[in-house]
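# heads up, no residue letters with this:
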């Protein structure tokens, strides 16, 4: 039960932070990526501000094996750079710039994003399910998992 | 303009605070694409309730703020083709790369994870090139 309470609190704080910082405003996001036009540096403050508490959190996590509610803390991922990471990130950057929305803000702005916001979220979910099918097909053809 | 930076910084601290809470209390990495993606494709159903609780907070709190009369502007384009292509690319890309702005950007960079740093540089670079082409050369957005 406590897990659900804190998951909901974390989600709420995340959503409020996205809303307040302007990450749900597509004009602001596109302005940040528009370095060849009217560049808007606000997102540097958002990302910088978001990284600060996590720098502390990772240091605290390094001294523990389990989280407060008992779950083992996530292991450090292998520093493997593969084509999926690079191609997927490039594809994500393309879509992020095109609409000005990434997954967190697309969810946070659901109540006030209008019909377009719903269509974006629907297309995003179709894309997510598409990767499940695509990765299964790649594995069948013998591509490295 | 200056006020926007302050809101950005405070909002950023809240985003990072949420990620810190989710990590230290629940032992989870706060990646929006992973949390949503693993719910819709079934791969995260072993911790389904926790993921749904997170999504309920993420969608619900802004909805409450909106009901209280403080809806911020979004400016999402009304061009349906652009909205759909962008959504498909974001959904497919974030699952392929196993992360998005929150997972790779916020949680990965702060951990000095090579994958997180490289993913962030790649999606920022791709986004800037997309803006150059789509806005300044093709003028479609």
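It's in. What you are looking at is a predicted structure, and each value in this text was computed from that prediction instead of being measured.
# Burial check on residue A:59, number of neighbours?
By other C-beta atoms under 10 Å in any protein chain shown, 10 other residues sit near residue A:59. (C-beta placed from N, C-alpha, C; glycine too.)
# how far away is it from residue B:108?
16 Å (C-beta to C-beta, to the nearest Å).
# Equivalent analysis for residue B:20, please.
14 Å.
# Who are the packing partners of the top helix by length along chain B?
Identified as the longest helix of chain B according to DSSP state H is helix B:2-26. If contacts are counted by 3 or more C-beta pairs under 8 Å, 6 or more residues apart in numbering or on different chains; DSSP states H and E, helix B:2-26 sits against helix A:2-21, helix A:42-62.
# can you list the weak-confidence ranges in chain B?
Chain B contains residues with pLDDT under 70 at B:1-2.
# Just give the number of residues close to the closest residue in space to residue B:111 that isn't next to it in sequence.
Distances taken as C-beta to C-beta, 6 or more residues apart in numbering or on different chains place residue A:58 nearest to residue B:111, at 5.0 Å, with adjacent residues excluded. For residue A:58, the count of nearby residues is 20 (other C-beta under 10 Å).
# which residues sit in contact with residue A:58?
Contact analysis of residue A:58 by C-beta atoms under 8 Å, 6 or more residues apart in numbering or on different chains lists B:23, B:110-111.
# For it, give its distance to residue A:120.
To residue A:120, residue A:58 is 32 Å away according to C-beta to C-beta.
# hmm, back to that, what angle sits between the longest helix of chain B and helix A:2-21?
170 degrees (axes from the mean of the first three to the mean of the last three C-alpha atoms, to 10 degrees).
# Are the helix or strand following helix B:2-26 and chain A in contact anywhere?
Once helix B:2-26 ends, the next helix or strand along the chain (criterion: DSSP states H and E) is helix B:32-40. Yes: under the criterion of C-beta under 8 Å from any C-beta of the partner chain, chain A is reached by helix B:32-40 at B:32-33, B:36-37, B:40.
# what distance separates the start and the end of stretch B:71-82?
Across its full length, stretch B:71-82 reaches 24 Å end to end, with C-alpha to C-alpha, to the nearest Å as the criterion.
# Could you list the buried residues of it?
B:71-72, B:74, B:76-77, B:82 (16 or more other C-beta atoms under 10 Å in any protein chain shown).
# Could you point out which of those is nearest to residue A:107?
residue B:74 (12.7 Å; C-beta to C-beta).
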